[in-house]
Structures are given as C-alpha cells and as structure tokens.
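K.L.:
return a 3D structure for these sequence lines:
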Amino acid sequence: MLRQNKRSNAKDPIAIPADLGYEENCRKVVEEVMNTYGCIDILVNNAAEQYVRPLITEITEQQLERVFRTNVFSYFFVSK
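P.N.:
This is a model prediction of the structure:
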C-alpha cells in the first residue's frame, strides 16, 4: 500500500509502528502525523486482533483485554 500511495503522487507515506491499545501511544502517533503532514484528512481505524478458540471458556482474561484494547479502545483513543 505504501508503494501504491507513493506512485499516486500523494505525499510521502510514513509507517508508524505502535501499540494503539494505549492512549499515550495513540497520542504520539497522531502527533507524529500532525508534525509530518499538518493535518489528518481521513482516518481509517482498522487495527484489530482476535483469539480463535473452539470454546469461549478457553479465552483468558489477558487475551480478552488485549482484544478490547486493540479493537475498541484504540478506535476511541485515535479518534479522540
């Protein structure tokens, strides 16, 4: 996708690795984007994670928290 973006005469794309399940990391990512481009025109929240198990009872509390941090909290934190 980065190569595709580069060919379409868009601004130079950047990749920012971060764990978006934590508000401080989201804040840093948004800050870096704002410092690089000056604004955010479009926000696509597509971070997601899941643990596939035959039974729901096999999912640990830590796994459930991780799923919510990535799939729910990150959407809120980045949009905020």
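K.L.:
ok, longest helix in this protein?
P.N.:
helix 23-37 (DSSP state H).
K.L.:
contacts for the helix or strand that comes right after that helix next, please.
P.N.:
Once the chain leaves helix 23-37, the next helix or strand it forms, by DSSP states H and E, is helix 61-68. Contacts of helix 61-68 with the rest of the structure, by C-beta atoms under 8 Å, 6 or more residues apart in numbering, involve 21, 49, 50, 51. Where C-beta positions appear, they are placed from N, C-alpha and C, glycine not excepted.
K.L.:
so which bits of helix 61-68 are buried?
P.N.:
Of all the residues in helix 61-68, those buried under the rule 16 or more other C-beta atoms under 10 Å are 66, 67.
K.L.:
hang on, residue 23 packs against residue 77?
P.N.:
Yes: in this structure, residue 23 is within contact of residue 77 by C-beta atoms under 8 Å, at 4.6 Å.
K.L.:
those two: who's more crowded?
P.N.:
residue 77 (20 against 14; other C-beta atoms under 10 Å).
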